[in-house]
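Enquirer: give me a 3D structure for the following:
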Amino acid sequence: FRVDPGTGVTREIELTGGNVSSGDGLLLQGKRLFVVQNQLNRIAVIRIDRRLTHGTIKRLLTDPLFDVPTTIDDVGHETLYAVNARFTTPPTPATTYNIVRVDVRSSHGKGKDDDHRGPKRGPG
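Expert: Predicted coordinates:
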């Protein structure tokens with residue numbers, strides 16, 4: 001959806017090439033929109049027209065390390081980080097959470113689990 005910040009009026013963006021069910025995190029990068037499809041363990045890459053009225057799904061990024069990704073961030077050089085929420089894993093004090101580095105240029109992520117880059121955290 002596109003929202004007019006002045007009026008609050010929303011309009012659906014016409015989408016071809018599939019749908020973005022289970023859509024969660026969004027990242028707009030120029031004319032590319034990335035939609036994290038959490039329960040589907042993938043990121044849709046959508047080409048958006050300049051008026052933000054129509055988009056076409058160009059490809060789906062997947063990675064075997066995705067475990068219900070919910071949000072993404074751009075770190076430059078065609079690289080994203082996806083945060084795994086692990087909703088299918090019962091949380092315990094020992095449950096770890098991680099991020100996955102995703103190479104936008106490939107058809108799937110790099111398979112690089114970057115859990116070691118930050119402190120292990122419990123639920124929350």
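Enquirer: report the strands that pair with the helix or strand hosting Ile43, each with its relative direction.
Expert: Here Ile43 sits within strand 42-48, counting by DSSP states H and E. Paired neighbours of strand 42-48 in the sheet (DSSP bridges): strand 32-37 (antiparallel), strand 54-62 (antiparallel).
Enquirer: out of those strands, which is closest to Pro69?
Expert: With CB to CB as the criterion, Pro69 lies closest to strand 32-37 of the strands paired with strand 42-48, at 5.2 Å. Bear in mind the C-beta positions are built from the backbone N, C-alpha and C, glycine included.
Enquirer: what residues are up against the residue sitting nearest the centre point of the chain?
Expert: Closest residue to the average C-alpha location of the chain: Val36 at 2.7 Å, with CA atoms, centre = their mean. For Val36, the contact set (CB atoms under 8 Å, 6 or more residues apart in numbering) comprises 23-26, 43, 69-72, 82.
Enquirer: closest to Leu52 out of these?
Expert: Nearest to Leu52 among these is Leu26, at 12.3 Å by CB to CB.
Enquirer: burial of Thr79, as a residue count?
Expert: Applying other CB atoms under 10 Å, we find 16 residues neighbouring Thr79.
Enquirer: try the one 5 residues further on
Expert: Neighbour count for Asn84, taken as other CB under 10 Å: 23.
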